[in-house]
Structures are given as C-alpha cells and as structure tokens.
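Novice: coords please:
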Amino acid sequence: MFGEVGIIRNEADETSLQILSLFRESISEIRLNEPESISAYFSQDYSHYIVVHTPLNIRFPEKREEWNLRFCNDAGVSVVELVVAETGSAYVRGLMAINGSKVYAVLPFISIDAEKAKKAKFPEDRMARVRSQVLPAVLPGIKGDTLLDIGSGFGSLTLEIAKNNPDSQVYGIDLHDSLTGQAQMNAEVLGVPNVEFRTGSAYALPFERDSVDAATCFFMLHHLEDIKFALFEIKKVLKRGGLLIAVEPLEHHHHHGPQLSEDAWKELFEDVGFRVETESLEGAVIVKAVKKE
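Specialist: Residues are numbered from 1 along each chain as shown. This is a model prediction of the structure:
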C-alpha cells in the first residue's frame with residue numbers, strides 16, 4: 001500500500017464529477033506534504049503523470065464501466081497533464097478526484113505506458129466530439145464588450161470565448177457552486193483574467209436589462225423544462241441588436257430532452273421575438289438569434 005504524499009485541492013464534489021467527460025479539462029492542485037519534494041515528483045521532462053488517489057465514492061452506469069474501473073475501485077488512477085509546478089504544489093489537468101482527496105503516488109507517464117493506454121480509452125463522448133467541431137464555426141462570431149455564456153459548466157468553452165476576446169468582460173453562469181467554483185479556479189491557474197463565473201439560473205439571470213452584447217448557450221437549453229421562459233430572460237439582458245448563439249442537438253441525436261428538428265428550434269426562437277438564422281452541423285443545430293432593434 002502506498003503512503004500518503006499529498007492532498008488534492010479543487011472545487012469538485014461527487015455531484016459535479018458525475019459528468020467526468022466535461023471535468024477532464026479542469027485543473028486541480030496537488031499539494032505535497034513535503035513541499036521541498038516537488039522536484040522529486042514533477043519535472044518539466046515529462047508532460048503527463050499517473051496519479052494514484054482516493055477513489056470516487058460513486059458508481060457510473062454500465063456503459064461507463066471504464067470509469068468505474070479507473071476511478072471507483074480500491075484506488076483512483078488518473079493520467080494527468082502537468083500545467084505548472086511550483087514550490088510545494090503542482091497544477092494538473094485531468095485529475096478525476098474530489099476536493100480533499102489524498103494522493104498516494106505520482107509516476108511519470110512515459111511512451112511505453114502510452115502504448116498500453118491505447119487499449120484503455122474513455123467511452124466515446126459523442127457530444128464532446130460535436131462540441132469540438134462546432135466551436136470553431138461559432139467562436140469568431142462571438143464579439144462584444146460584455147459576453148455571457150449560460151450553462152457554462154466547468155468553463156472550458158467560456159475560457160475559449162474569453163481568450164478569443166481579450167478586451168471583453170466574459171461571464172459564465174451555471175446553477176451549481178461546485179461548477180462555477182471549479183471554472184474560476186481553472187481561469188485563475190490558466191491566467192485568463194477577463195472572465196468571471198457566477199452561480200445563477202437561466203430563468204433569473206443576475207444581469208441588468210440591455211447589458212449584454214452577446215450570449216451563448218452550448219447544449220444547455222434542451223435540459224430546461226421551460227425553454228421559452230429562459231429565452232425571454234436572455235432576450236431581456238441582451239442589448240438591442242445583441243446576438244444569442246445557441247447550439248443544440250437535433251432530433252434522434254440525443255437521448256434526453258425535447259427531440260426537436262432544425263425548423264422547430266428556429267420557430268421556438270422566433271416565437272420569443274428574435275430574428276433567427278439556423279444551420280445544422282454534425283447532428284447539431286446552430287441558432288443565431290438577434291434581438292430586434
């Protein structure tokens with residue numbers, strides 16, 4: 001049995017880690033018990049490490065059995081990417097453990113391990129693949145002094161928006177403190193200063209009327225019970241002529257939420273009073289909705 005060598009600091013709890021596929025891009029701090037030993041564990045010679053840590057006290061569905069094997073047995077085992085190492089601490093991406101978990105071992109992840117790891121992949125996350133393909137199509141159109149990403153989760157897309165608009169103030173909003181807290185930690189470690197994450201609801205956005213130049217919703221609206229109510233709320237905080245870009249799964253491409261066609265999504269936004277254009281891409285619809293002058 002390994003001895004404890006450190007402790008993990010992040011903003012994750014068991015609830016937020018139910019969506020591991022989104023958490024993978026988040027950053028955690030490994031705080032060593034013996035600060036002076038940082039160079040014994042982490043070196044710029046290696047980009048990735050195997051970290052043995054306290055397992056998650058949850059079970060994922062059968063189709064995610066790979067996650068159960070890696071993170072939920074007698075120990076959790078994560079392959080992490082080193083972001084930065086400093087006195088007493090290392091910041092890493094991809095550590096699948098909650099705040100306060102213990103670290104029992106840190107080992108360099110070298111090429112021979114990488115060959116073996118090809119056989120042990122995460123279950124395919126189709127929505128993550130769609131997100132990665134859709135983002136380049138919509139990111140250039142997200143402009144303005146004040147930008148708002150609704151349903152920001154762990155903040156990976158919000159941070160891309162902020163990095164693409166360094167002179168803008170970007171806000172991310174989500175329902176859960178553990179998500180917005182982790183997203184803010186990600187921003188701070190990555191040095192993205194122009195983004196702020198707030199906890200709040202799409203039904204009651206904590207922003208003034210006519211205060212936002214552009215808003216985004218990535219794969220969020222279909223989770224809501226009352227999509228129109230949220231759209232009216234978003235329209236209220238947008239400036240006249242402001243843009244809302246939403247990306248949603250098309251019918252037959254997602255297992256929960258309303259099964260809507262491209263035309264049905266367009267009609268939904270038009271009913272709220274937006275001027276709307278849509279296009280489909282990789283099983284998703286991109287809605288570009290302008291608040292009328």
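Novice: and the helices in the stretch 1-150 of the chain?
Specialist: 20-23, 38-41, 65-71, 111-117, 126-138 (DSSP state H, counting those that start in this stretch).
Novice: show me the chain divided up by domain.
Specialist: 6-117, 126-291 (automatic domain parsing).
Novice: per-residue confidence averaged over the shortest one?
Specialist: Same thing as domain 6-117. On average, the pLDDT along domain 6-117 is 89.
Novice: how far away from the center of its chain is stretch 143-159?
Specialist: 10 Å (CA atoms, centre = their mean, to the nearest Å).
Novice: just the terminal-to-terminal distance for that stretch.
Specialist: The first and last residues of stretch 143-159 sit 14 Å apart, counting by CA to CA, to the nearest Å.
Novice: now do the buried residues in it.
Specialist: 144, 146-159 (16 or more other CB atoms under 10 Å). C-betas here are computed from N, CA, C, even on glycine.
Novice: equivalent analysis for stretch 259-266, please.
Specialist: 260, 262, 265-266.
Novice: tell me the mean pLDDT for that stretch?
Specialist: 86.
Novice: and for it, what are the contacting residues?
Specialist: By CB atoms under 8 Å, 6 or more residues apart in numbering, the list of residues contacting stretch 259-266 from outside reads 222, 246, 248, 250-252, 268, 276, 278, 280, 285, 287.
Novice: on that earlier part again, for the buried residues of stretch 259-266, give me a markdown table that also has secondary structure.
Specialist: What follows is the buried residues of stretch 259-266, written out as a markdown table (DSSP: H, G, I helix; E, B strand; the rest coil):
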| residue | secondary structure |
| --- | --- |
| Leu260 | coil |
| Glu262 | helix |
| Trp265 | helix |
| Lys266 | helix |
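Novice: ok so, going back, which two of the buried residues of stretch 143-159 have the greatest separation?
Specialist: Gly144 and Phe154 (23.2 Å; CB to CB).
Novice: ok so, going back, most tightly packed of the helices of the stretch 1-150 of the chain?
Specialist: Most buried of the helices of the stretch 1-150 of the chain by mean neighbour count (mean count of other CB atoms under 10 Å) is helix 20-23; its value is a mean of 20.
Novice: alpha carbons of it, in CSV - could you do that?
Specialist: Provided in CSV are the C-alpha atoms of helix 20-23 (Å, rounded to 0.1, in the frame of the first residue of the first chain):
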residue,chain,number,x,y,z
LEU,A,20,-16.4,13.3,-15.9
SER,A,21,-16.3,13.9,-19.6
LEU,A,22,-16.6,17.7,-19.0
PHE,A,23,-14.3,17.7,-15.9
